[in-house]
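# need a structure here:
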Amino acid sequence: MSVQHLLATAAVPAAAQVAAQQAVSSYALTSGRLWGFVAIALALIGIAVGGLALARPASRIGTDAGQLGAALALAAGMLGAVIGVLVVATSGGQLGTGGGLAGGVVAIALGLAGIAVGGLALARSRRTS
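Next comes the predicted model:
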């Protein structure tokens with residue numbers, strides 16, 4: 001076998017793989033995109049709950065609601081960021097292929113914001129109690 005023949009046969013599967021990755025419709029909901037959406041939703045829940053815990057450290061539920069909201073915000077933000085990292089790690093490395101890379105990156109950023117807001121709320125609730 002010649003070197004040219006080996007290079008030609010090695011290039012064909014790589015080109016077929018790229019063509020298969022680009023065949024995904026931009027509106028199709030792939031598993032990577034679904035997990036990206038789940039991670040974004042969890043991170044946004046973490047930001048929202050953390051913001052509420054910052055705004056109302058002691059609610060009508062009880063005096064411990066500020067710490068509960070802060071802990072929930074930390075957990076949701078962390079879970080969103082971790083799922084985002086997993087989506088980015090398994091996405092395949094290109095935007096627009098349906099792997100969820102963009103959703104994973106957004107989820108990481110929002111998850112870190114949720115962790116920060118939850119941490120601020122937890123520090124404030126410990127300081128006031």
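
# tell me where the model's unsure across this structure.
For the chain, the stretches flagged by pLDDT under 70 are 1-24, 26, 57-66, 128-129.

# all the helices of it, residue numbers only.
Assigned by DSSP state H, the chain shows helices spanning 3-21, 31-55, 65-89, 101-128.

# buried set for the longest one?
When you say that, I think you mean helix 101-128. 101-108, 110-118, 120-122, 124-125 (16 or more other Cβ atoms under 10 Å). No exception for glycine: its C-beta is placed from N, CA and C like everyone else's.

# what helices or strands is it leaning on?
Packing partners of helix 101-128 (3 or more Cβ pairs under 8 Å, 6 or more residues apart in numbering; DSSP states H and E): helix 31-55, helix 65-89.

# for G96, which of the ones you listed is the nearest?
helix 31-55 (10.9 Å; Cβ to Cβ).

# count the residues that sit near the closest residue to A43 other than its chain neighbours.
Distances taken as Cβ to Cβ, 6 or more residues apart in numbering place G80 nearest to A43, at 3.1 Å, with adjacent residues excluded. The number of residues packed near G80 is 30, by other Cβ atoms under 10 Å.
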